[in-house]
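J.: what's the 3D shape of this:
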Amino acid sequence: MSSFESLVKYIDELPPLPESVQKIQSLYSYGDPEIKELVKLIESDPILTADILARVNAPLYCFSTRIVSVMQAITLFGTGAIRGFVLTSAINRNYEIDMQAYDVSNESFARICNLQSSLMFQWYMSVDIEHVKFLAPVAFLMELGKVIIAKEVKESDYIQMFIDELKSSKSTNETERMFTDKTSAEICALLFEHWYFDESFILTMQYLDEVESAPIEIQLFINALNVVRKAVNIEEQLTESSIEEATKMVKELGLNEERFKKTAMRLQMI
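T.: Below you'll find the predicted structure:
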């Protein structure tokens, strides 16, 4: 089995995010960035610009006309969601991803992350437009711990044991803990810390699987993320049962379950 120490060592040895992305991250240090400066930094990286425009024009977002500029993308999505696009693009370009250990293709894993973010963005815009600025990028990135675990497992001699256990277990978290002593969310918290993300990003991941223990100020965020994780995850992506279970959670939170369900079912059709 993997030791937690080996995962920490691997994270510590990861290179920093690209300099252009670090500069973009720094714009968010004191709240919403100045849009003109954000556009300037993104457009200074042609590959990042192309990747963002490709992402915002994906069918998941249901726009009837094509988005042709970074400024237009920021106007439509907001700076929070764009932050998620930027970070995801950088990670995909600069870090090796192989999700064989979770028995999913890289393409399927990318779709899961995109679905989680899209569902969060489209659902929570009608709940709290300010909070979605934080929740949209976190939803994009919250499965990154699985990338670290997948790499560790792939390089071990027990990859098939891990895959078999995932298939037979009722909980992905249980399997991750069995093999690494931590869940992928907790690993993700370490990754965010390594990249000097905001404390709110780190704490949200650290307590994603233990909301009752989380600081009060982030429990609201964790509850919303767990709704999305219930609807879209490695095992189920907007199935009838996962949507129903997520809708029950929405009701327990005192939010409009019909609005959530309609959003999930609309995405289900894409």
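
J.: any idea how far V227 is from I243?
T.: 11 Å (Cβ to Cβ, to the nearest Å). Where you see a C-beta, it was placed from the backbone N, CA and C, and this is true even at glycine.

J.: between those two, who's got more neighbours?
T.: The residue with more neighbours, out of V227 and I243 and counting by other Cβ atoms under 10 Å, is V227; that gives 25 against 22.

J.: quick one: low-confidence parts of the chain?
T.: Of all residues in the chain, those with pLDDT under 70 make up the ranges 1-4.

J.: residue at max distance from the center of it?
T.: Ranked by distance from the centre of the chain (Cα atoms, centre = their mean), the top residue is D157, with 28.5 Å.

J.: So the residue nearest to F221 when sequence neighbours are not counted, which state does it fall into?
T.: In this structure, F221 finds its nearest non-sequential neighbour in T204, 5.4 Å apart by Cβ to Cβ, 6 or more residues apart in numbering. In three-state terms, and counting by DSSP: H, G, I helix; E, B strand; the rest coil, T204 is helix.

J.: Make sure T204 is actually in contact with I218.
T.: Yes: counting by Cβ atoms under 8 Å, I218 is a contact partner of T204 at 5.4 Å.

J.: Looking at these two, which is more packed in?
T.: Between T204 and I218, counted using other Cβ under 10 Å, T204 has the larger neighbour count: 27 against 20.

J.: ok, now which ones touch that one?
T.: Listed by Cβ atoms under 8 Å, 6 or more residues apart in numbering, the contact partners of T204 are V138, A214, I218, F221, I222, L225.

J.: how far away is T239 from R111?
T.: Distance, T239 to R111, using Cβ to Cβ: 14 Å.

J.: which of those two has more neighbours?
T.: Set T239 next to R111 and count neighbours by other Cβ under 10 Å: R111 wins out with 17 against 13.

J.: any idea which element the more buried one lies in?
T.: Counting by DSSP states H and E, the element that carries R111 is helix 106-124.

J.: Quick one: name whatever helix or strand follows that helix.
T.: Next along from helix 106-124, by DSSP H and E: helix 132-141.

J.: Could you name the helices and strands sitting against the helix or strand just after that next one?
T.: Proceeding N to C from helix 132-141, the next assigned helix or strand is helix 144-154, under DSSP H and E. Secondary-structure packing of helix 144-154 (3 or more Cβ pairs under 8 Å, 6 or more residues apart in numbering; DSSP states H and E): helix 4-13, helix 172-180, helix 184-194.

J.: would you turn those helices into a markdown table with mean neighbour count?
T.: Formatted as a markdown table, the helices and strands packed on helix 144-154 follow (neighbours: other Cβ atoms under 10 Å):
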| stretch | mean neighbour count |
| --- | --- |
| helix 4-13 | 13 |
| helix 172-180 | 19 |
| helix 184-194 | 23 |
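
J.: Now that we have the ones you listed, can you turn them into TSV and tack on distance to F134?
T.: Shown next, in TSV, are the helices and strands packed on helix 144-154 (distance: least, Cβ to Cβ, whole Å):
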stretch	distance to F134
helix 4-13	23
helix 172-180	23
helix 184-194	13
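
J.: OK, contacts around M99?
T.: M99 is in contact with S105, N106, S108, F109, K146, V147, A150, counting by Cβ under 8 Å, 6+ apart.

J.: neighbours of the fourth one, just the number please.
T.: Okay, so that is F109. Using other Cβ under 10 Å, F109 is surrounded by 19 other residues.

J.: pretty sure it is touching I97, no?
T.: Yes: contact criterion Cβ under 8 Å: F109 and I97 qualify, at 7.3 Å.

J.: tell me, what's touching those two both at once?
T.: Common contacts of F109 and I97 (Cβ under 8 Å, 6+ apart): none found.
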